[in-house]
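Asks: I'd like to go over a predicted model; first the sequence, then the structure.
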Amino acid sequence: MNKLTQSIGSLKTFIGEVKVELLKCTWPTRKELFGQSVVVIISVIILGAFVGLCDLVNMGFLKFIIR
């Protein structure tokens, strides 16, 4: 029983420390968050297109070699 109460106490301490640290954080504004999200989405689209293009080129090259 002593280990259980000790575990619960340490869990409460951990959660309290997490709350204190989260209050120290500076959170982005809605405008900053939107701008960063747009950058990430555009980057993923560009990278996906690049990988798809490389895949098409490699498949064409392999088909040329196999013939």
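Replies: Here it is on my side, so go on.
Asks: need the residue closest to the centroid of this structure.
Replies: Centroid-nearest residue in the chain: V40, 10.2 Å away (criterion: CA atoms, centre = their mean).
Asks: could you check how far that residue is from K31?
Replies: Distance, V40 to K31, by CB to CB, to the nearest Å: 15 Å. Glycine gets a C-beta too; all of them are placed from N, C-alpha and C.
Asks: cool, E21 as well?
Replies: For E21, the distance to K31 (CB to CB) stands at 25 Å.
Asks: please apply the same query to Q6.
Replies: Shown here: Q6 relative to K31, a distance of 46 Å by CB to CB.
Asks: what of S43?
Replies: 19 Å.
Asks: with L11 instead?
Replies: For L11, the distance to K31 - CB to CB - is 37 Å.
Asks: next one: V44
Replies: Where K31 is concerned, V44 sits at a distance of 21 Å (CB to CB).
Asks: quick one: low-confidence parts of this structure?
Replies: Residue ranges of the chain with pLDDT under 70: 1.
Asks: which parts of it are helices?
Replies: 2-24, 30-66 (DSSP state H).
Asks: could you name the helices and strands sitting against the longest one?
Replies: In terms of contacts (3 or more CB pairs under 8 Å, 6 or more residues apart in numbering; DSSP states H and E), helix 30-66 is not packed against any helix or strand.
Asks: how far is that helix from where the chain is centred?
Replies: Relative to its parent chain, helix 30-66 has a centroid offset of 17 Å by CA atoms, centre = their mean, to the nearest Å.
Asks: same thing with stretch 53-67?
Replies: Per CA atoms, centre = their mean, the centroid offset for stretch 53-67 relative to its chain is 32 Å.
Asks: quick one: buried residues of it?
Replies: Within stretch 53-67, no residue is scored as buried using 16 or more other CB atoms under 10 Å.
Asks: just the C-alphas of that stretch, formatted as CSV.
Replies: What follows is stretch 53-67, C-alpha atoms only, in CSV (Å, rounded to 0.1, in the frame of the first residue of the first chain):
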residue,chain,number,x,y,z
LEU,A,53,8.0,13.0,-60.1
CYS,A,54,11.2,11.1,-59.1
ASP,A,55,9.1,7.9,-58.9
LEU,A,56,7.8,8.4,-62.5
VAL,A,57,11.3,9.1,-63.8
ASN,A,58,12.8,6.0,-62.1
MET,A,59,9.9,3.8,-63.3
GLY,A,60,10.5,5.1,-66.9
PHE,A,61,14.2,4.5,-66.6
LEU,A,62,13.7,0.9,-65.2
LYS,A,63,11.2,0.1,-68.0
PHE,A,64,13.8,1.3,-70.6
ILE,A,65,16.4,-0.9,-69.0
ILE,A,66,14.2,-4.0,-68.7
ARG,A,67,13.2,-3.9,-72.4
